[in-house]
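[1] got a sequence here, can you model it:
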Amino acid sequence: MPRRLLLALTAGALVFGVVASPAGAKSSSQHATAKVKRTSPLLKLATKSTVTMGAGGVKHMHFVYGPVHINPGANNIYFDPTDVRPKEDGYILSFAPNLVEQNGLIPRVDVIHLHHAVWIINGYPTFASGEEKTVFRMPSGFGYPYKTSDKWIMNHMIHNLTPSPDVVYITYDMDFLPATAPQAAKITPVHTQWMDVMGISGYPVFDVHHGVGTMGTDGVRRYTYPDQDTSLRAGYRRNQWRVTKPETLVATAGHLHPGGLYDDLEVTRNGVTKLLFHSVAKYWEPAGAVSWDVAMTATPKDWRISLQPGDVVSVHATYDTTKASWYESMGIMATSVADGAFGVDPFSGAKYATTGKVTHGALAENRNHGGTAAGLPDPVKLLDGPVNNGGKQVLVNGFVYSQGNLSATGMPGRPPVVVQGSSISFLNSDAKNDIQHTITACKSPCNRSTGVAYPIANGPVDFDSGTLGFAQPGALATAAAGRDTWTTPTQLSPGTYTYFCRIHPFMRGSFRVIKPKV
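    Below you'll find the predicted structure:
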């Protein structure tokens, strides 16, 4: 069962304790932060928790988790016990996470970003955040019961897109009503039902490939997981929750990765399916659904849906595959649930809202979109490099592709050449330093400036090496493929192919396929 799986992962985290990140490679690259103008306690470097009093006995709490030492290129997931939380019993009414550097500024998303943070409470995921930074607010009269005896685990994965190690803090602002406050007696307790298209696992991701899915009349090709994944076995059920007692859903919002369009929460009863909520990704990104510059819609304050025993609730994630492939994607709707049936029965014919509003506007840390001229060479115009038919490897070393390098780091390199029908092998020699890389197809010339929207995996031929590298000792989950080598497909047509590293997008490279000599 999913809950037992989480308990097992939590037990492993308690055994290993805090997993320290090893030192990463040194670099002279300058670290950048967003010039955020909005006034918020998140912008103050708070190395300790702070509490201010609000109306009705509600306490506004600001927590700082860290320091978190992040080395470049490690896509590992950590499960760390934490006592950074309230010191008295009560109810959590809102939860707003973020990420700050040692100077208190929010880092630019194309520099460092919070892939995810999940607060696992008593062995079950309860609060969560991705880089879209959805703000969680309970409807009036509802709250998450909290006890000081609860066991909290911080499950976090932070991406460092630079070649330099760094130190960051995960922050979270919380509205908290103490159990001793008179208003606490009027609070209806809720719990989280974790709805994930992949079920509950250490790293619940799936790949979405360019061009798959169904073309709409609007010219957008959409792919819905798990519905359109033909590789799944019949009777796939990981994205479902079978209700066992009368329950009422009171709040939900979706979580997606770049390329995601919407999450749908549905319920099926006696063979009939109803849409419960359609959580839409609102992209502030000028280029559309291609970056983290996005906010998700959440349910209205008066949204209440009653469920009966035997109802089957499911979650579905839809991605835009018109422009690119999207690797290591997610589709999650953490849903707040109260005991008892006191809402709208979705099968009664009564109306209820299936759409909502975003929880925040455009964020300053997402405004470096990239895609401008960067003075990098056009690989199509470069002369041939060495012919690579003798089994030689292209080394990925020091954040540079040793042959065919197109990035500003290192010397520009002529693209290595392979005869059609053969392949080129890549070796991530940085893996010995716990640094992971990918070789991911991008549209030529793939030589413009790095940002949240550039480069993307939009090559005319879809290829990706997977994450070349290995998990750090003690990490309970990782994106690493458990290998450090990859070879190009042998069926590539003659031409020049460009690629980038999904983990360090400033890394660019190219290779060339030529016809055999007659």
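[2] excluding sequence neighbours, find me the nearest residue to the residue nearest in space to the middle of the chain.
    Computing the C-alpha centroid of the chain and ranking residues by CA atoms, centre = their mean puts His115 first, at 4.1 Å. What sits nearest to His115 in space, not counting adjacent residues and going by CB to CB, 6 or more residues apart in numbering, is Met157, at 4.2 Å. (C-beta placed from N, C-alpha, C; glycine too.)
[3] again with Asn447
    Closest to Asn447 by CB to CB, 6+ apart is Leu376, at 3.8 Å.
[4] can you check Gly199 too?
    Arg238 (3.3 Å).
[5] hang on, the one you found is in a strand, isn't it?
    No: per DSSP: H, G, I helix; E, B strand; the rest coil, Arg238 lies outside any strand segment and is coil.
[6] neighbours of it, how many?
    Arg238 is flanked by 16 other residues according to other CB atoms under 10 Å.
[7] who are the contact partners of it?
    By CB atoms under 8 Å, 6 or more residues apart in numbering, the contact list for Arg238 reads Asp196, Val197, Met198, Gly199, Pro226.
[8] what strands flank the helix or strand in which Ala96 is found, and is each parallel or antiparallel?
    Ala96 is part of strand 90-101 when elements are defined by DSSP states H and E. Strand pairing for strand 90-101, using DSSP bridges, gives strand 136-137 (antiparallel), strand 142-146 (antiparallel), strand 166-178 (antiparallel).
[9] can you list contacts of the first one?
    So that's strand 136-137. Counting by CB under 8 Å, 6+ apart, residues outside strand 136-137 touching it are Leu93, Ser94, Phe95, Ala96, Phe127, Asp175, Ala251, Ala253, Ala298, Thr359.
[10] try it again at 6 Å.
    Outside strand 136-137, the residues within contact range by CB atoms under 6 Å, 6 or more residues apart in numbering are Ser94, Phe95.
[11] from the chain's centre, how far out does that strand sit?
    19 Å (CA atoms, centre = their mean, to the nearest Å).
[12] average pLDDT for that strand?
    Averaged over strand 136-137, pLDDT sits at 90.
[13] cool, and stretch 284-302?
    On average, stretch 284-302 scores 96.
[14] and stretch 425-439, by the same measure?
    94.
[15] now the end-to-end length of that stretch.
    11 Å (CA to CA, to the nearest Å).
[16] repeat that for stretch 197-204.
    8 Å.
[17] how about that stretch: buried residues?
    The neighbour-count check on stretch 197-204 (16 or more other CB atoms under 10 Å) flags Val197, Met198, Gly199, Ile200, Gly202, Tyr203, Pro204 as buried.
[18] part of a helix, is the third one?
    This means Gly199. No: counting by three-state DSSP, one finds Gly199 to be coil, located in no helix.
[19] quick one: low-confidence residue ranges for the stretch 51-200 of the chain.
    Along the stretch 51-200 of the chain, the parts satisfying pLDDT under 70 run over 74.
[20] give me that answer again for 90
    51-56, 66-80, 101-105, 113-117, 128-136, 155-160, 162, 164, 199-200 (pLDDT under 90).
[21] which parts of it are strands?
    59-70, 76-81, 90-101, 112-121, 124-129, 136-137, 142-146, 152-160, 166-178, 188-189, 191-196 (DSSP state E, counting those that start in this stretch).
[22] on that earlier part again, from the buried residues of stretch 197-204, which two are the most distant?
    Val197 and Gly202 (15.3 Å; CB to CB).
[23] picking up where we left off before, got CSV for the buried residues of stretch 197-204, with distance to Glu328 too?
    Shown next, in CSV, are these (distance: CB to CB, whole Å):
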residue, distance to Glu328
Val197, 13
Met198, 11
Gly199, 16
Ile200, 17
Gly202, 13
Tyr203, 8
Pro204, 10
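[24] and those residues, which is closest to Ala350?
    Val197 (28.1 Å).
[25] return the residues in contact with the closest residue to the closest one other than its chain neighbours.
    Distances taken as CB to CB, 6+ apart place Gly331 nearest to Val197, at 4.0 Å, with adjacent residues excluded. Neighbouring residues of Gly331 by CB under 6 Å, 6+ apart: Val197, Asp263, Ala317.
[26] how near is Gly331 to Pro97?
    Distance, Gly331 to Pro97, using CB to CB, to the nearest Å: 19 Å.
[27] what's the offset of stretch 502-513 from the middle of its chain?
    Chain-centre distance of stretch 502-513: 22 Å, with CA atoms, centre = their mean.
[28] and what of stretch 480-498?
    25 Å.
[29] quick one: Gly343 and Leu307 touch, right?
    No: Gly343 is beyond contact range of Leu307, at 8.6 Å (criterion: CB atoms under 6 Å).
[30] which of the buried residues of stretch 197-204 sits closest to Pro415?
    Tyr203 (33.5 Å).
[31] the closest one belongs to a helix?
    No: counting by three-state DSSP, Tyr203 is located in no helix; its state is coil.
[32] while we're on it, how confident is the model there?
    82.
[33] with adjacent residues omitted, what lies nearest to it?
    Closest to Tyr203 by CB to CB, 6+ apart is Ala477, at 4.4 Å.
[34] do you know how far that neighbour is from Asn239?
    According to CB to CB, Ala477 stands 19 Å off from Asn239.
[35] and if you look at Thr409?
    41 Å.
[36] ditto for Leu395
    Distance of Leu395 to Asn239, computed by CB to CB: 41 Å.
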